[in-house]
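Enquirer: coords please:
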Amino acid sequence: MTILEMSLSASVLIMAVIVIRTLALHKLPKKTFLALWGIVLCRLLVPFSIPSQFSIYTLIEKIGNGIMGQSGTTAPNAGMFPTFITNAGTIQNTETISQVTSSIVNLSPLRLIWIVGCIACILFFVVTHLRCRQEYKTALPIQNNFVNKWQQEHSMKRPVQIRQSDKIAAPLTYGIWKPVILLPKTTDYADERRLQYILAHEYVHIKRFDTLSKWLLAATLCLHWFNPLVWVMYTLFNRDIELSCDETVVQAFGVTIKSAYALTLIGLAEKKSKFTPLCNNFSKNSIEERITAIMKIKKTSLVGIVLALTLILGTTTVFATSALAGNSNSTDNSSPESVMDKYDEETGKKMISVDNGETWMTEEEFENAYPDPEVEAEWWSYDEYKTWLEQEKIALQDMIGEKGWNPTDGSYVWTQEMVDETISVYEEILEEIRNGTMVSKSISMTVNGEEFDGMMSYNPEDIGTIHEYEVGWTLDNGDTAHFGPYDTKEELLAEVEPYCEEQVSAGTMTQAEVNTLLNDINNLNNGN
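Expert: The predicted structure follows:
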């Protein structure tokens, strides 16, 4: 997946999480939202996804296939221009044009703009953080009995330092492997209860590696800076980190301390802190939301935990997975772009691959997977089309000023210029019919029981010039061989037989494989 595909896919997930957060912020454990944002981060950073039949994209694909199955191209007078289904060569040319267009887009200035944006974001975060860290180096150790005792009671494998600085106005934590709790120099160490709440809050940040989460969050923002929803996610994720820490502290001390803890936040919020994107700190930002959340904290119940887990699993399954490839409702059974075959000595059958040799199927399985469409067509004669066109010219003149719609242009208003252009196209078709081109009135195409309506055209003179005979296969050593297309089987055999003799001598093919291959070529009918 490209960065743009990852970003668009994650946007749907971000909107789902925002809706869930709005509706259930004060009803579910705050860790629920950290888990959901973690899934969003994975969707934004991991360049692939797991397909699921329960994915919203599978549902969209099924709905799209259903609409495609019911719709089709109508008679010429239904839209501005007729649409024709021609031969496979036309489809391949369209795919080539699409690939060329894709290459041009990849080389466009948009990629350069994205790179410049990434570098700008990276520099902003890194420079801001380094500037703050330079100021933090001036912090001094704290000589306080309560702080020293607290630190001894909360020892960790990672050494935690508690220092004070005159460069900050509110407590914060920085560092991943050597974390530091930094307190303002103006901290009132005599108010031990308030100090205990502050240290407990920062201790939760350290235990959860929240600083590492903020680094990942910043890296994600740098990659997807062009997506406004990622900026929204960055803001809400940071808020939910603080809300979850608040909830953990309140539940550790008991819900009876909610008021005292909320007053601590209010006191700290009155002191404005500078922007520290990669640190965990008491911030004036969104203080009202935090206080409201604190006052609504309740003891987590088993039902709440089960509901949270169900919500996380359901959201991941529906919004973080991709469409299931080849779902049963898909109506796309067109012929594969490339077909390979080989002789299976164990079964004595020819095996066919449509994915460059990764998987193989029997001829019967191939025919079931890629059935030939059943087409019923009625063709215009020159006189019939000419009579229809004379009537259509009158009808088109009467449509000037009226509203119209087609899948290509959407809604439009008929003008004289549009009428003239449409008539010109129809007259060209009439001339082609005069010169021998076969144009269908309509076709009813059936694939796997699904019916499609459309139109088709071909020139009978072109049929004799199509090269029909070609063959390709994969050798045991992984090499591929391809011959053709040729006009006759004789030309094909003249090239294949000497090659097969060389392969038998080299040991890369057996005589049985060669005999089967030559027999298949001899049994070919024109068009197979």
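Enquirer: Rank the helices and strands of this structure by mean pLDDT and give me the bottom one.
Expert: When the helices and strands of the chain are compared on mean pLDDT, DSSP states H and E, helix 88-106 comes out lowest with a mean of 36.
Enquirer: helices or strands up against the next helix or strand after that one?
Expert: Using DSSP states H and E, the helix or strand that follows helix 88-106 in sequence is helix 109-136. Under the contact criterion of 3 or more C-beta pairs under 8 Å, 6 or more residues apart in numbering; DSSP states H and E, helix 109-136 touches strand 172-174, helix 210-223. Glycine gets a C-beta too; all of them are placed from N, C-alpha and C.
Enquirer: got the buried residues for helix 109-136?
Expert: W114, C118, C121, I122, F125, H129, C132, Y136 (16 or more other C-beta atoms under 10 Å).
Enquirer: Same question for stretch 34-45.
Expert: L34, A35, L36, W37, I39, V40, L41, R43, L44.
Enquirer: Which element, helix or strand, includes the last one?
Expert: I take that to be L44. Per DSSP H and E: helix 31-45 holds L44.
Enquirer: I'd like the buried residues of helix 109-136 written out as CSV, with distance to N238 and pLDDT added.
Expert: As requested, the buried residues of helix 109-136 are arranged in CSV below (distance: C-beta to C-beta, whole Å; pLDDT from 0 to 100):
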residue, distance to N238, pLDDT
W114, 24, 91
C118, 20, 94
C121, 16, 94
I122, 18, 94
F125, 13, 91
H129, 15, 87
C132, 16, 86
Y136, 20, 85
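Enquirer: Report the two of these separated the most.
Expert: Pairwise distances across these peak at 32.9 Å for W114 and Y136 (criterion: C-beta to C-beta).
Enquirer: Okay, now the unreliable bits of the stretch 251-400 of the chain?
Expert: Along the stretch 251-400 of the chain, segments meeting pLDDT under 70 span 269-286, 325-343, 345, 348, 356-357, 370-377.
Enquirer: can you map out the strands along it?
Expert: 280-281, 322-323, 340-344, 349-353, 361-362, 374-379 (DSSP state E, counting those that start in this stretch).
Enquirer: Tell me which residues are up against the second one.
Expert: Strand 322-323 is contacted by residues S9, S49, I50, P51, S52, S55, Y57, T58, I60, E61 when judged by C-beta atoms under 8 Å, 6 or more residues apart in numbering.
Enquirer: The fourth one against L324, yeah?
Expert: Yes - when contacts are counted by C-beta atoms under 8 Å, P51 is listed as touching L324 (4.7 Å).
Enquirer: what do these two both touch?
Expert: T58.
Enquirer: okay, the two: which has more neighbours?
Expert: Of the pair P51 and L324, L324 is the one with more neighbours under other C-beta atoms under 10 Å, namely 19 against 15.
Enquirer: picking up where we left off before, just name the closest of the buried residues of stretch 34-45 to V318, please.
Expert: Distance to V318, by C-beta to C-beta, is smallest for I39 among the buried residues of stretch 34-45, at 11.3 Å.
Enquirer: Mind listing what's buried along stretch 386-402?
Expert: Of the residues in stretch 386-402, W388, L389, E392, L396, M399 count as buried by neighbour count, 16+ other C-beta under 10 Å.
Enquirer: next one: stretch 149-169
Expert: W150, Q151, V160, I162, Q164, S165, I168, A169.
Enquirer: so where does M418 fall, helix or strand?
Expert: Taking DSSP H and E as the definition, one finds M418 inside helix 416-434.
Enquirer: Using CSV, list the CA coordinates for that helix.
Expert: C-alpha atoms of helix 416-434 as CSV (Å, rounded to 0.1, in the frame of the first residue of the first chain):
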residue,chain,number,x,y,z
GLN,A,416,-27.1,23.2,-29.3
GLU,A,417,-23.4,22.4,-29.3
MET,A,418,-23.9,19.2,-27.4
VAL,A,419,-26.7,18.2,-29.7
ASP,A,420,-24.6,18.8,-32.8
GLU,A,421,-21.7,16.9,-31.3
THR,A,422,-23.9,14.0,-30.4
ILE,A,423,-25.5,13.9,-33.9
SER,A,424,-22.0,14.0,-35.4
VAL,A,425,-20.9,10.9,-33.4
TYR,A,426,-24.1,9.0,-34.5
GLU,A,427,-23.4,9.9,-38.2
GLU,A,428,-19.9,8.5,-37.8
ILE,A,429,-21.4,5.3,-36.5
LEU,A,430,-23.8,5.3,-39.5
GLU,A,431,-20.9,5.6,-41.9
GLU,A,432,-19.0,2.8,-40.2
ILE,A,433,-22.1,0.5,-40.6
ARG,A,434,-22.2,1.5,-44.3
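Enquirer: please renumber so the chain begins at 33
Expert: In the new numbering, first residue 33, that becomes helix 448-466.
Enquirer: Return the set of buried residues in that helix.
Expert: Within helix 448-466, the residues scored as buried using 16+ other C-beta under 10 Å are M450, V451, T454, Y458, I461, L462, I465.
Enquirer: Can you tell me how far I50 is from P61?
Expert: 18 Å (C-beta to C-beta, to the nearest Å).
Enquirer: cool, and V212?
Expert: Remark: distance between V212 and P61 (C-beta to C-beta) = 29 Å.
Enquirer: likewise K169?
Expert: Using C-beta to C-beta, one obtains 38 Å as the distance from K169 to P61.
Enquirer: the more surrounded of those two?
Expert: Higher neighbour count among K169 and P61: P61, with 21 against 9, using other C-beta under 10 Å.
Enquirer: Mind checking what secondary structure that one has?
Expert: Assigned state for P61: coil (three-state reduction, DSSP: H, G, I helix; E, B strand; the rest coil).
Enquirer: re the thing from before, farthest pair within the buried residues of helix 448-466?
Expert: M450 and I465 (23.1 Å).
Enquirer: Do me a favour and average the pLDDT over the helix or strand harbouring Q184.
Expert: Secondary structure from DSSP H and E places Q184 in helix 177-185. Here helix 177-185 scores 88 as its mean pLDDT.
Enquirer: do the same with stretch 242-257
Expert: The average of the pLDDT scores along stretch 242-257 is 93.
Enquirer: Off-centre distance for that stretch?
Expert: Distance, stretch centre to chain centre, for stretch 242-257: 20 Å (C-alpha atoms, centre = their mean, to the nearest Å).
Enquirer: Likewise for stretch 518-538?
Expert: The chain centroid and the centroid of stretch 518-538 are separated by 46 Å, computed with C-alpha atoms, centre = their mean.
Enquirer: Mind checking the pLDDT average for that stretch?
Expert: 84.
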